[in-house]
Every structure is written in C-alpha cells, then in structure tokens.
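> coordinates for the following, if possible.
(2 chains)
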There are 2 protein chains.
Amino acid sequence: MDRQERWQYLKIESVPLTVAIIGGSVAGLTAAIELRSLGCHVEVFERSATEMKSRGGGIVLQQNVIDWFSGTLGLPIDQVSTRTDFLRYFDRDSKVVSNRTKVWHNTSWSTLHRTLLAAFGNDNYRTGAVAVDIEQDEYEAVVTFEDGSICSADLVIFADGISSVGRARLSPQTHPEYAGYIGWRGTVEESLLTPATLAALADSMSYYVGENTHIILYPIPGPDGQLRVGERLMNFVWYRNIPAGDHYTSMVTDRKGRISSVSVPAGEVKQEFVDQVRIDAELLLPKVASEVVVKTAQPYIQIMQDTIAGRMAYGRVALIGDAAFASRPHAAAWTAKAVSDGLALAEHLEKSQFDVKEALANWEPAQLEIGRNLFNRVREMGARSQFENSWVPGDPAFDFGLFGPDI
Amino acid sequence: MDRQERWQYLKIESVPLTVAIIGGSVAGLTAAIELRSLGCHVEVFERSATEMKSRGGGIVLQQNVIDWFSGTLGLPIDQVSTRTDFLRYFDRDSKVVSNRTKVWHNTSWSTLHRTLLAAFGNDNYRTGAVAVDIEQDEYEAVVTFEDGSICSADLVIFADGISSVGRARLSPQTHPEYAGYIGWRGTVEESLLTPATLAALADSMSYYVGENTHIILYPIPGPDGQLRVGERLMNFVWYRNIPAGDHYTSMVTDRKGRISSVSVPAGEVKQEFVDQVRIDAELLLPKVASEVVVKTAQPYIQIMQDTIAGRMAYGRVALIGDAAFASRPHAAAWTAKAVSDGLALAEHLEKSQFDVKEALANWEPAQLEIGRNLFNRVREMGARSQFENSWVPGDPAFDFGLFGPDI
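A predicted model of the protein is given here:
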C-alpha cells in the first residue's frame, strides 16, 4: 500500500474528517465509536496481530463511562459488570472494621474490550499494525507502520498505551518514573474460594490496610463475561514496596530474561517470586485476602510508575489515555480519564466544525488539568498508604473517583 | 343499595363474566388483574376501611410470580425486590459454615401490595367492605356485607386470607391446628446494623440452625420500597417452640387482651415478651442474628398453624390463597401458591369459555394437589427443623420452592 492509495481510500467518502486511531484498546475504541457517530471516517490500527490476549485485570467503572455505555451504546452497565454494594475494610483477623455502602460497577479489561469491539465492528479495525513514526504538515498527519505502509488522515490519535509510540516520537523527554512499589495482581475463580471467604468478599470493594502495604479485592466478570455470583472472578491488587535495586530488577525480569518497566504478565513471573508472594500473603494478609492471593494460579506484576506527558495536543496529533498519562491505579480512574479524553475531543471537534487544530488546542487544557489533578491525587494516596501509614480503615479520602474521592 | 340495583350495576356491561373478589391483598389482586385482562368485569371488596396498614413481613418471590410480574405487568422484578445471591449458614460464633450460590428476589407485603394495587387501580377496588355471608343458586352467587348490602356475580372468589369468611361459611368444619411453635418476625433498618453484621447479611438468605430452633434473615425493600443497599430493611423469622398451654396463651394475647390464633401484630405484643425475645436472642443466636432481633423496634408473632381446606371450588364460589391453605412459611411458597390459584383459575375460565362451574371443577384438583404437597413439605420441614434436629447447615432439602426444594 503506497501513500497515495491510502490517502484515496480514506478520502473517498464525503465525511467531515478522516481519523486514524493508533491503538485498539479502551481509549482508542471509545474515541473511535464516538467520532464515527459524528460522521467521521475512523480507522483503528491495533499493534497485536491476533485477538488481544485475555488480560484479566479488573477495572472499576466511573460514572462517565457508565453514562456513555447506557447513552451512546444503549447498554445498561449491569450487563457488562459486577456490582459491589460496600466499601469494606477487614482487619488482620478478617474481621469487618468498616462497611460503608457505596455502589461500584466493576468489569475486566477483556469484557470491556469485547463489548467495545462488538460495538465498533471489525470493518475499520486493523490488527497487526505496528506504528513506528508520525509526521504532519499543514494538511495531514501521516503514520508510518513497521511494514513500511503509511496512513494519512486529518487527525491522528495515539491511544497506544503506556508504551506509546506517539508519545515517544512527540515527547521523547518523557520517561516513566518508578514509584517504589509494585502491585501484585491476579484473579481466581469465585468457585475455588472457601464459603467464608466468598461470603466476605462477594458484594464489596474490600480492603486490608497493613503497615506499608494494602490490598484491594473485588469481583469482576468471569473469563467469558459471566456475571452470576459464583461464576465470576475475584480480582486483587496487592501493593508492596520494593526499593529499586537488584532484588527489584530480578522481580521485573520475566522467565525469558526480559526486563520490564511496566508489568510482568501472568505466566511470565519467575516461579521463585510466585512462590514467595504466596508465602508472604499468608504471613501478612488476613485470611480473606491471602486465600485469594494463594489460590491465584498466575499472579502477575504491575510496576507502579508514573509516565506523565507534558502535552496531549500536537497540531493534528493527539495523545489520549495511557499514552498521555500512565500512572498508579489508586483512584480507579485512569480508564475514566482515557474515555473522557476521547469524548471531550469529539465534543471539541464538533464545536469547532471539525477544525482539527483549533479543536485540539481547545481540548488540551482541561484534559491536562484532569490528568495532573488525578496524578497528584494517586501520588498522595500512594505516599499515604505505602509510606506514611496514615490510611485509617474507612477513610473517605481513599475513595475512588476521577475528580476526587467519590466524585 | 338493594339487591336489584347491585345486580344491574354489574350486568350493565357486555362482559363474559362478572366476578366479585372478596379480599384485596396479593391473592385477590393478582386474580383480579388476570381476570380483568380476559375481559371480565371484576370488583374487589377489601375488608379494611383505610389503606391497609403497612405489614412489614418479608416475601420471597418464586419463579411463577416473577414471570407474571415481567410478563403481565411488564415490570422487571428487580424494581420491586431485593436480590440475594447466596444461601448462607452461620454457626453459633457467626462463622460462615455453608455459602451456596442461589439467587432469590425478596420483597415485602407492602411493596407487593402497593405495586399490585397501582396496576389494578382504585376504580373497582372497594374498601371497608366486610363480607359476612355467601349464597348461590344456578344463576348467580351473592355476597352479603356487614352493612346489609349485597353483591351478585357470576363468580365469587374468596381471597380473604387465613380468617376467610368464605371458608368459614362453606367449610365450617375446617379449623386451624397449632404446630407447636411460633415465628418471631420483624424488620430493622439496615442503617442501624453494625458494619460487620450488615456485611454478613446484605447479599444472602441467611440461616442459623440451632437446637430445636432456627432463624432466617434476608433483606427486603425499605418502607417506601427503597432498594439501595443500606436503605433497605433486614427481615427475620425466628422459629421457637412454645407448647400449647398458659405460657403460650399469654404470649398470643395482645396488649388489649385479645387472644389470636393467627398473629400478634407489631406494637401489640406484650412488653414482657418483647423484652424476653431480646434476651433469648443474645443467649441462643449468633451475633449476626441476635443483633437484628435485638434492634427490631417492634417484633411481632406469627403463630405457626395449619388451616387446610378440603375443597377450593364450591359451584360458583372459589377459595384461593390463604383462604384455602394457610400454613407455615418454611418453603416461602404460599404467596406463589396464592398467585398460582388465581392464574390457573383464569386459565380454566378462558378454556371453558367462561362456563364457571365447569371451569372451577376442572381447576380445583391440580390446585388442591399443589397445596397438599406444599403442606406436607412444610410440615416435614417444620418437624425436622424444630423437633428432630436433622437439619444440617446447607441441606438442600430445606431450599425454598413451590413444588419442592428449589423447584
């Protein structure tokens, strides 16, 4: 495919705007669906060649995502998520010490992605498309792919996540900064839990806050989206301080010797560390939490780091979602931020009558502000929970939220 | 209103059948809605002069009721009920010893009644109408009311509950038989419970089985139908053996000296027994259960008795619901039986092209059979739980169900 062909392909229809979105995960697909609904011609380019591997991670849904699902997709959120009714804190003996009512809807990356891809369809969703470069001039932005093919569009959106090629090209000075702790993550079938543990966890966002550590557990849909209690997965994130150094480097080196600054996926964490996290769980966590950790077949590691882009708008090119801000999940709001990025961008494009540069310039400040505030908040939450030990069970300052605790 | 006037009133429209329903509670209103949907002219006569007092009792909804709500009323059941996801058994120390997944939808009498009355409307719903007699001939059935007025109809349905006037007139030999134990019942606001207790109970049908006693607890909608966790009520039934005799007679005598063979309502149980049940709760029940009993402002007494009519069809007159079978709630199915009575009757009326006598004769056998089987089952459940102590926590034989455990 040479450049001219590509251009003709995208320009052939009478549309207000041609948009190339790099990255077909949550941020990319929500932006794609929203922009297409405005009449734009949208092509999504996903790096993975095959269907993306099931990523088990839990995602707590904020109100803007819920509203968009029910409004734009016409999909009641309880069809793609579990519901928890409480924020529940356990003590070391698994006794409930705080149990505030608060409804959260929770899903998994795979359920969310499957739903979004079904809504967008496969016709304009290309897999195995590895972007390697981005250029632009007054009239177009041009993405180059690994195989030498290119794509020109009026607007290019990089939604390619924490290791964004777009960010690397446009903001090469931005680097991840390690926060001094990791998250052990994983899921286990509810059906494998003891009656008492499932009873304790099934209807709540559950917390245990220990010395320089905390764990959060909540139910998410099963591997195929199962929502029935007992057929779902119990998801956890256990935050543990690991100072940078040899031990840390060994932990984030996978079974094939690759060192990551992002995560070590399920099945690729070295066995010695999997064994150790199970031993540590029984030493340090209440039974309701340790049982989940111990029974998780393939725990994995998310490195807690912050990658904060100084800008999101570069002429005809935008960075959204983790490509712009990739940070710690304490507020359960980065997915909401990613969705907000795409929806706000669409809104500004419409408002400017599809003047791309004007729209991006007007869109950037508020999204940067939301991202920076959120980053400040998760940094504070991380400091208080992992290092200052000032998190009292039930403390509302630690409630999730895109704009602040519970908002 | 003399007899001739009344007759003209009911006959004035061209309808397949005029139906007088005595009793405007759940059985009467479901039958009324169903028969009206077939084109019948239906009048409902309710004994209570004012809006019926809020009866707090919990009702577990069986599948036939759920299906009728969504089908005929077009009302998703989760708009009028709470959902529990587990059957959970606690031991004496409030430890979970069994936690099977099983979804039940639970409501209160007042929420159910409010919903049904809204669906039926007030135009053909008369209050303060106390039926005192029933007569019939080849052409009509005639109900006489306390004030001397009468009502003639092609079909008269007595849905007037456990103290049915219809049953007293048509089957005077039928008497209640005391089962040897009572149910202490009541509800408490979820918001008044301790965090640990609400956490333990909020998502389950919860059981504690002790020696010669058991208690069942589950959440039901709040007084105004509130469904949000934390705004609902926690409902309980605690079964206690009280041999017939002076102590029993004193317990079932209310504050005004009236002796009941059915129940002593909230606020009318003598204070000494309210005090005693709270003391006993702390002595005999796990904390998760005793806390609910102790915090209930006005516990009340349901006498466990069986009133079993030998017949349900008498020419042009039918007994449905508790008017036919009033027994113990162990299977949580008598409401389902009452609804089944009305729906099956409507079906047979339609099938017989509104030949009342033929329809009633064909309708009776299956409903009697369902009622007798259910009665045999609750009697067995009562014997095993209260006297034989053969109920092992989690035993599926004790699962609710209209036709058998979980069916």
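> how's chain A carved up into domains?
Domain segmentation of chain A under automatic domain parsing yields A:3-50+A:127-174+A:309-384, A:58-110+A:177-305.
> can you give me the buried ones in stretch A:366-384?
For stretch A:366-384, the buried set under the neighbour-count rule, 16 or more other CB atoms under 10 Å in any protein chain shown, comprises A:Q367, A:L368, A:I370, A:G371, A:L374, A:F375, A:R377, A:V378, A:R379, A:M381, A:G382, A:R384. Just so you know, the C-beta spots here come from the backbone N, C-alpha and C atoms, and that holds for glycine as well.
> if we can go back for a sec, and the domains of chain A: which comes nearest chain B?
Across those, the minimum distance to chain B, taken as CB to the nearest CB, is reached by domain A:58-110+A:177-305, at 3.3 Å.
> may I ask which two of the buried residues of stretch A:366-384 are separated the most?
With distance counted by CB to CB, no two of the buried residues of stretch A:366-384 lie farther apart than A:Q367 and A:R384, which are 26.0 Å apart.
> enumerate every residue touching A:G28.
Contacts of A:G28 were listed using CB atoms under 8 Å, 6 or more residues apart in numbering or on different chains, and they are A:I21, A:I22, A:V44, A:E46, A:I157, A:A159, A:D160, A:I320, A:G321, A:G342.
> that one is in what secondary structure piece?
Element membership of A:G28 [criterion: DSSP states H and E] is helix A:26-37.
> centre of the chain to whatever helix or strand comes next after that helix, how far?
Once the chain leaves helix A:26-37, the next helix or strand it forms, by DSSP H and E, is strand A:41-45. For strand A:41-45, the distance from its own C-alpha centre to the chain's C-alpha centre is 21 Å (CA atoms, centre = their mean, to the nearest Å).
> and stretch A:64-78, by the same measure?
That offset, for stretch A:64-78, works out to 18 Å (CA atoms, centre = their mean).
> what's it in contact with?
Everything outside stretch A:64-78 that qualifies as a contact, by CB under 8 Å, 6+ apart, is A:30, A:33-34, A:37, A:61, A:80, A:105, A:115, A:119, A:227, A:335-336, A:339-340, A:343, A:402.
> next, the buried residues of it.
For stretch A:64-78, the buried set under the neighbour-count rule, 16+ other CB under 10 Å, comprises A:N64, A:V65, A:I66, A:W68, A:F69, A:L73, A:L75, A:I77.
> what does the residue most central in space within chain A show for phi and psi?
A centroid search over chain A (CA atoms, centre = their mean) returns A:T335, at 4.9 Å, as the residue closest to the centre. With angles defined as degrees, to the nearest 10, A:T335 shows backbone torsions of phi -70, psi -40.
> show me the contacts for it.
With contact set as CB under 8 Å, 6+ apart, A:T335 has these partners: A:V26, A:I59, A:V60, A:L61, A:Q62, A:V65, A:L112.
> so where does the closest residue to A:R384 other than its chain neighbours fall, helix or strand?
Of all residues not flanking A:R384 in the chain, A:S390 sits nearest, at 4.8 Å (CB to CB, 6 or more residues apart in numbering or on different chains). Per DSSP H and E, A:S390 falls between elements, in no helix or strand.
> buried only: go through the contacts of stretch A:64-78 for me.
Under a neighbour-count criterion of 16+ other CB under 10 Å, the subset of these counted as buried comprises A:30, A:33-34, A:61, A:80, A:105, A:115, A:119, A:227, A:335-336, A:339-340, A:343, A:402.
> among the residues you listed, which ones are in strands?
Among the buried ones among the contacts of stretch A:64-78, the residues falling in strands (DSSP state E) are A:L61, A:H105.
> for the buried ones among the contacts of stretch A:64-78, point out the one with the lowest pLDDT.
Lowest pLDDT within the buried ones among the contacts of stretch A:64-78 is found at A:L402 (92).
> Provide the secondary structure category for the closest residue in space to A:T144 that isn't next to it in sequence.
Nearest residue to A:T144, sequence neighbours excluded (CB to CB, 6+ apart): A:D133, at 4.1 Å. Under DSSP: H, G, I helix; E, B strand; the rest coil, the three-state class of A:D133 is strand.
> what about A:D133, how many neighbours?
Close neighbours of A:D133, defined as other CB atoms under 10 Å in any protein chain shown, add up to 14.
> quick one, what contacts it?
Applying CB under 8 Å, 6+ apart, the residues near A:D133 are A:V143, A:T144, A:V165, A:R169.
> which residues of chain A score low on pLDDT?
Counting by pLDDT under 70, chain A contains low-confidence residues at A:1-14, A:51-56.
> for A:R92, grab the count of nearby residues.
The local packing count at A:R92 equals 13, with neighbours defined by other CB under 10 Å.
> I figured it hits A:P286, correct?
Yes - taking CB atoms under 8 Å as the contact criterion, A:R92 and A:P286 are neighbours in contact, 5.4 Å apart.
> joint contacts of these two?
With CB under 8 Å, 6+ apart applied, the overlap between the contact sets of A:R92 and A:P286 consists of A:Y208.
> interface residues of the stretch 51-200 of chain A facing chain B?
Within the stretch 51-200 of chain A, the residues that sit near chain B (CB under 8 Å from any CB of the partner chain) are A:85-86, A:88, A:95-101, A:103, A:195-196, A:198-200.
> go again with 7 Å.
Where proximity means CB under 7 Å from any CB of the partner chain, the interface of the stretch 51-200 of chain A facing chain B comprises A:D85, A:F86, A:R88, A:K95, A:V96, A:S98, A:N99, A:T101, A:P195, A:A196, A:L198, A:A199.
> for A:P393, what are its contacts?
Neighbour list for A:P393: A:Y89, A:V97, A:S98, A:V209 [criterion: CB atoms under 7 Å, 6 or more residues apart in numbering or on different chains].
> out of those residues, who's nearest B:Y314?
The shortest distance between B:Y314 and any of the contacts of A:P393, using CB to CB, involves A:S98 and amounts to 59.9 Å.
> and the residue of the stretch 301-407 of chain A nearest chain B?
When you check the stretch 301-407 of chain A against chain B by CB to the nearest CB, the closest residue turns out to be A:G394, at 8.5 Å.
> that residue - how many residues pack around it?
A:G394 is flanked by 17 other residues according to other CB under 10 Å.
> find the nearest non-adjacent residue to it, please.
If the residues on either side of it in the chain are set aside, A:G394 comes closest to A:S98, at 3.3 Å by CB to CB, 6+ apart.
> for B:L198, see how far away the one you found is.
Between A:S98 and B:L198 the distance is 11 Å, computed by CB to CB, to the nearest Å.
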